[in-house]
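Engineer: Got a sequence here, can you build the structure:
(one chain, ligands or ions: 1)
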Amino acid sequence: MIRWSDDIKTMDNLTENTINEDRFLDSPKCTNEIELCTNLDTQNVAVKVRKAFKSYGIVQVLEDFNMTVPKGGIYGLLGASGCGKTTLLECLIGRKSVNQGDVEILGEKLHHGHNECRIGYMPQKIGLYDDLSVEETFLFFGRSLDMSEAKIKERTKYLIDLLDLPQDDIRVKNMSGGQQRRVSLSVAFLHEPELLILDEPTVGVDSVLRQLIWDHFTTIVNNSAVTIIITTHYIEEVLHANTIGIMRHGCLIAEQNPKELLRKHQVPSIEKLFLKPKSDSNH
Ligand SMILES: Nc1ncnc2c1ncn2[C@@H]1O[C@H](COP(=O)(O)OP(=O)(O)OP(=O)(O)O)[C@@H](O)[C@H]1O
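Structural biologist: Got it, this is the predicted structure:
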């Protein structure tokens, strides 16, 4: 399996004959059509971003960014390291604000501290308290989200089983990197939010558990109206998504169903598609 940032270094090191995002520019939904997705009824939209700009000082990260994610299903966000994925997710949860443009989440304009109970977020950098055990971590976050003690207990048991979390009194600081990531992922799920925003949730997780986690995502979206937006550097993982969005230099350049992409380009895997020479892309 290829990771954009590790196994093939960064996309900056690659030429247009290795990874080639341009092939996506002729996908059914490139920039202009993404704009047109506004026709969806507000009640069917999980996330809507319009003409968003975000910079850090002189570094322009999001540039005229537009995106509409319908409710329900998994939306996988792909793009080279540094193209602005984390910045976008942080703007969606209200941790950062855009300099210009509109962000609407679950039908409401985003403002600070808003919608917290309806959104679950797993940051790329683990944000847990070192001295807490798994159960104490769930208690802490559950109470801060106004969950009842009984519900916290029920969800704790469920998530420990589901994600094979350490059950004894082991503290976060003594857990392995993979265990910490799984606890962090569980915190995002704890209160059964309507919208889950997950920034590289499967980094450092072994392949068996990664498959289980994706199976769980699929089960959730098949059995409820939950929407999951997920970034990953494991290209093949996005095959589980209903839609993938490709980001480049702070813009969404294309969106498509990953299986349709494979069919269209006649390649057996997403990995092959990204690594296919540009001259082969006009199928
Ligand atoms: N707080 C910040 N201050 C200044 N620059 C920042 C800050 N956060 C991010 N950046 C810059 O913004 C750009 C986009 O970063 P971001 O983390 O959003 O990219 P990314 O696509 O998530 O990358 P990766 O896949 O490596 O996580 C990068 O050039 C980064 O250096």
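
Engineer: near the ligand, which residues of the stretch 51-200 of the chain show up?
Structural biologist: By Cβ under 6 Å from any ligand atom, the residues of the stretch 51-200 of the chain that approach the ligand are 56, 59, 61, 79, 81-87, 124. For the C-beta atoms, the positions are set from N, CA and C on the backbone; glycine is no exception.

Engineer: Turn those into TSV, including neighbour count, distance to residue 266 and pLDDT.
Structural biologist: Converted to TSV, those look like this (neighbours: other Cβ atoms under 10 Å; distance: Cβ to Cβ, whole Å; pLDDT from 0 to 100):
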residue	neighbour count	distance to residue 266	pLDDT
56	10	41	95
59	11	39	94
61	22	35	96
79	23	24	86
81	14	28	86
82	16	31	90
83	22	27	91
84	24	31	94
85	23	28	94
86	20	33	95
87	21	34	96
124	17	34	88
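
Engineer: Out of these, list just those in helices.
Structural biologist: 85-87 (DSSP state H).

Engineer: Show me what the one helix or strand residue 157 maps to is packed up against.
Structural biologist: Using DSSP states H and E, residue 157 falls within helix 149-163. Applying 3 or more Cβ pairs under 8 Å, 6 or more residues apart in numbering; DSSP states H and E, one finds that helix 149-163 contacts helix 134-144, helix 177-189, helix 207-223.

Engineer: Most tightly packed of those helices?
Structural biologist: Stretch with highest mean neighbour count among the helices and strands packed on helix 149-163: helix 177-189 (a mean of 21; mean count of other Cβ atoms under 10 Å).

Engineer: So which of the ones in helices among the residues of the stretch 51-200 of the chain next to the ligand is the closest to residue 246?
Structural biologist: Nearest to residue 246 among these: residue 85, at 10.7 Å, using Cβ to Cβ.

Engineer: Residue 245 is in contact with the closest one, correct?
Structural biologist: No: in this structure, residue 85 is not within contact of residue 245 by Cβ atoms under 8 Å, at 9.5 Å.

Engineer: Now list whatever residues contact both of the two.
Structural biologist: Shared contacts of residue 85 and residue 245, defined by Cβ atoms under 8 Å, 6 or more residues apart in numbering, are found at residue 77.

Engineer: Tell me how far the closest residue in space to residue 165 that isn't next to it in sequence lies from residue 174.
Structural biologist: In space, and not counting its chain neighbours, residue 165 is closest to residue 134: 5.0 Å by Cβ to Cβ, 6 or more residues apart in numbering. If you measure residue 134 against residue 174 using Cβ to Cβ, to the nearest Å, the figure is 12 Å.

Engineer: before we move on, what about residue 52?
Structural biologist: Distance of residue 52 to residue 174, given as Cβ to Cβ: 41 Å.

Engineer: Compare the two (neighbour count), which wins?
Structural biologist: Taking neighbours as other Cβ atoms under 10 Å, residue 52 and residue 174 compare with residue 52 leading, 21 against 13.

Engineer: Just the element for that one, please.
Structural biologist: Residue 52 is part of strand 45-56, with elements assigned from DSSP H and E.

Engineer: quick one, what contacts the residue of the stretch 101-250 of the chain found nearest the ligand?
Structural biologist: In the stretch 101-250 of the chain, no residue comes nearer to the ligand than residue 124, which is 5.9 Å away by Cβ to the nearest ligand atom. Residue 124 is in contact with 86, 199-200, 203, 231, counting by Cβ under 8 Å, 6+ apart.

Engineer: Go through those and flag which are in helices.
Structural biologist: In helices, defined here by DSSP H, the members of those are residue 86.

Engineer: ok, which pair from the contacts of residue 124 is furthest apart?
Structural biologist: Using Cβ to Cβ, the two most remote members of the contacts of residue 124 are 86 and 203, lying 12.4 Å apart.

Engineer: Alpha carbons of stretch 237-249, as PDB, please.
Structural biologist: The C-alpha trace of stretch 237-249 is given here as PDB (Å, rounded to 0.1, in the frame of the first residue of the first chain):
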ATOM      1  CA  GLU A 237      -8.600   3.400   1.800                       C
ATOM      2  CA  VAL A 238     -10.700   5.900  -0.100                       C
ATOM      3  CA  LEU A 239     -12.200   3.000  -2.100                       C
ATOM      4  CA  HIS A 240     -14.500   2.700   1.000                       C
ATOM      5  CA  ALA A 241     -15.700   6.300   0.500                       C
ATOM      6  CA  ASN A 242     -18.900   7.200  -1.400                       C
ATOM      7  CA  THR A 243     -17.200  10.200  -2.800                       C
ATOM      8  CA  ILE A 244     -13.600  11.400  -3.000                       C
ATOM      9  CA  GLY A 245     -12.600  15.000  -3.200                       C
ATOM     10  CA  ILE A 246      -9.100  15.800  -4.600                       C
ATOM     11  CA  MET A 247      -7.500  18.900  -3.200                       C
ATOM     12  CA  ARG A 248      -4.600  20.800  -4.800                       C
ATOM     13  CA  HIS A 249      -3.100  24.100  -3.600                       C
END
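
Engineer: All set, thanks.
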